[in-house]
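*Asks:* need a structure here:
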Amino acid sequence: MNIAWVTPYHQASAIAKFSSLVVPALAARGHSITLFSSDRQPPIEHRRLPEGIELFHWSLFESTPEVSGAYDLIVYNVGDDPEYHFGVLRLIDRYTGVCIFHDYYLIDLFLGWCATEIEPLAHFIVASIYGEEIAKEFWTRIGQPDFQIWAASHVPMTEWLARKALAAVAHAPFYEQRLADSSAGPVKVIPLAYNAPANVVSIRTQNGPVRILTVGLVNPNKRVEAVISAVAGSPALRSRCEYNIVGRIEPSYRARLQSLIADLNLQGAVHMHGEVSDSELHSHFVEADVLACLRWPALEGASASCIEAMSYGKAVIVTDTGFYSSIPSDCVLKVSIACEAQELARHLERIVIDVAERDALGKRALDWARREYAPETYSERIEPLLEAAAEQRPFADALKQIGLTLRTMGVHPDDPIVSRVGSEFRAVFFQ
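*Replies:* Numbering: from 1, shown residues only. Okay, here's the model as predicted:
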């Protein structure tokens, strides 16, 4: 197949790294792939291109619409960052394609889209998915401290783009049903492809501290405050551990964490490093003994940082929710949100003190990650879905054209003729 692969390709994007791994694996299976950056502007610093793969900007579809005819299929990588996925929003209504849902929670993407649309349309979309009462509550709750937790369980907006998908991929079972209930085509769960550099050798100092690491965008749902409190509250952890927090952090949240660290007198043990280069991030992973990959609520379809940590052979502690619940319990340590403080402290003490158990946990994680998250495995698993979607694309394009014609005629989505046309189309083409 000839595939247009629409993805963020900025150097800092985890989805860009995913694409840089999966695209050459698909090319090795005989497919011709062209990368299209979905970043709002062409990224000045983009990830290195796989050999033989070209990169264009999504705007080429707007300046040269006929380019779409060169591809059997378009694949959209969908995440929650409006800047990274701007091109997806501009193209998906015109060019039907397969959607890979990297994030379960798409509120930020939806609100970014709302900024360019009229409010009644945005309200209609929320109400059409979740009902009028939930839609009203959605708009009144925005900006409240508990909005993210409430929205993740009540209005994640996953269905909004799933409705536009020719077929869909989830990276964990927990949101498969939402996609299946909304997507017109097949839905498949395929574990995220990610890895660590080959031949990683861990660094362990004889008498140094046990290093705990959290990486990624640092915000309240990463639960770094819980880790800081666990270290402060346990004499065994306070005397043995160093906690490194690596990733972009908003100034207001940095100040909040600094205040907590000072109040607990942990200035010498907890370090916030901010954004770092790929080489520095690699060093932090190599030097770490334990990765804290806690989330509440879980917003992503899968955690690249968790998979990367497992691929480094590290002991990993996760929250027992979302994607993390699907990882075998002998490969990571799981913490329930209801008993987070007690279980987190107990797990940390256990693997900080017992080096042999920590190493055994990391070894099991590495073995699982090499089998489950290999790019070659991902390409093999997604290939049948892509082939099926390519076969159905002409029918989807025809139905889309009918829909555009009905819209031009002023037909409302609730008009009975819409469901009648859909039924007739299904009877004629799908029997």
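
*Asks:* so where is the stretch 101-250 of the chain shaky, pLDDT-wise?
*Replies:* For the stretch 101-250 of the chain, applying pLDDT under 70 flags the ranges 117-119, 198-206.

*Asks:* Can you tell me the closest non-neighbouring residue to Val23?
*Replies:* Distance criterion CB to CB, 6 or more residues apart in numbering; nearest residue to Val23, sequence neighbours excluded, is Ile33 at 4.9 Å. Using the backbone N, CA and C atoms, a C-beta is placed for each residue, glycine as well.

*Asks:* Could you list the buried residues of the helix or strand the one you found falls within?
*Replies:* Using DSSP states H and E, Ile33 maps to strand 32-37. Within strand 32-37, the residues that qualify as buried are Ile33, Thr34, Leu35, Phe36, Ser37, counting by 16 or more other CB atoms under 10 Å.

*Asks:* Can you list the buried residues in the following helix or strand past it?
*Replies:* Heading C-terminal from strand 32-37, the first helix or strand you meet, by DSSP H and E, is strand 55-57. Within strand 55-57, the residues scored as buried using 16+ other CB under 10 Å are Leu55, His57.

*Asks:* coming back round to it: tell me what the strand holding Ile33 is packed against?
*Replies:* Packing partners of strand 32-37 (3 or more CB pairs under 8 Å, 6 or more residues apart in numbering; DSSP states H and E): strand 2-7, helix 14-27, strand 55-57.

*Asks:* Select, out of those, the one closest to Trp368.
*Replies:* Closest approach to Trp368 among the helices and strands packed on strand 32-37 (CB to CB): helix 14-27, 17.5 Å.

*Asks:* Format the CA atom coordinates belonging to that closest one as PDB.
*Replies:* This file holds the C-alpha atoms of helix 14-27, laid out as PDB (Å, rounded to 0.1, in the frame of the first residue of the first chain):
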ATOM      1  CA  ALA A  14       6.800  11.100  21.900                       C
ATOM      2  CA  ILE A  15       4.400  10.400  19.100                       C
ATOM      3  CA  ALA A  16       7.100  11.500  16.600                       C
ATOM      4  CA  LYS A  17       9.400   8.900  18.100                       C
ATOM      5  CA  PHE A  18       6.700   6.300  17.800                       C
ATOM      6  CA  SER A  19       6.200   7.100  14.100                       C
ATOM      7  CA  SER A  20      10.000   7.100  13.500                       C
ATOM      8  CA  LEU A  21      10.000   3.500  14.800                       C
ATOM      9  CA  VAL A  22       6.800   2.100  13.200                       C
ATOM     10  CA  VAL A  23       7.100   3.700   9.700                       C
ATOM     11  CA  PRO A  24      10.400   1.900   8.800                       C
ATOM     12  CA  ALA A  25       9.000  -1.300  10.200                       C
ATOM     13  CA  LEU A  26       5.900  -1.000   7.900                       C
ATOM     14  CA  ALA A  27       8.200   0.000   5.000                       C
END
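
*Asks:* Surely Met272 touches Arg256?
*Replies:* No. Assessed by CB atoms under 8 Å, Met272 is found out of contact with Arg256, at 11.2 Å.

*Asks:* Then Arg346 would be within a helix, right?
*Replies:* Yes. The assignment for Arg346 is a helix, going by DSSP: H, G, I helix; E, B strand; the rest coil.

*Asks:* and the gap between it and Ala122?
*Replies:* Relative to Ala122, Arg346 is positioned 45 Å away (CB to CB, to the nearest Å).

*Asks:* Comparing these two, which shows the higher neighbour count?
*Replies:* Ala122 (19 against 14; other CB atoms under 10 Å).

*Asks:* for that one, helix, strand, or coil?
*Replies:* Counting by three-state DSSP, the backbone at Ala122 sits in helix.

*Asks:* List phi and psi for the closest residue to it other than its chain neighbours.
*Replies:* Computed as CB to CB, 6+ apart, the closest residue to Ala122 that is not its neighbour in sequence is Cys114, at 4.4 Å. Main-chain torsions, Cys114, degrees, to the nearest 10: phi -60, psi -30.

*Asks:* Just give the number of residues close to Cys114.
*Replies:* 17.

*Asks:* ditto for Lys363
*Replies:* Lys363: 13 neighbours (other CB under 10 Å).

*Asks:* any idea how far the closest residue to it other than its chain neighbours lies from Gly268?
*Replies:* Distance criterion CB to CB, 6+ apart; nearest residue to Lys363, sequence neighbours excluded, is Gly313 at 6.3 Å. Applying CB to CB, the value for Gly313 to Gly268 is 28 Å.

*Asks:* Tell me which of the two has more neighbours.
*Replies:* For Gly313 versus Gly268, neighbours defined as other CB under 10 Å are more numerous around Gly313 (21 against 9).

*Asks:* I'd like to know how far the more buried one sits from Thr377.
*Replies:* Distance, Gly313 to Thr377, by CB to CB: 18 Å.

*Asks:* what does Leu192 give?
*Replies:* If you measure Leu192 against Thr377 using CB to CB, the figure is 11 Å.

*Asks:* Please enumerate the strands of the stretch 151-300 of the chain.
*Replies:* Using DSSP state E, counting those that start in this stretch, the strands of the stretch 151-300 of the chain run over 165-170, 187-189, 210-215, 241-246, 270-274, 290-293.

*Asks:* which residues touch the one helix or strand Ile307 maps to?
*Replies:* Using DSSP H and E, Ile307 sits in helix 304-311. Applying CB atoms under 8 Å, 6 or more residues apart in numbering, the external contacts of helix 304-311 come out as 14, 17-18, 192, 194-196, 213, 215-216, 285, 288, 291, 293, 316, 318, 323-324, 327, 331-332, 365-366, 368-370, 373.

*Asks:* Report the angle between it and helix 14-27.
*Replies:* 60 degrees (axes from the mean of the first three to the mean of the last three CA atoms, to 10 degrees).
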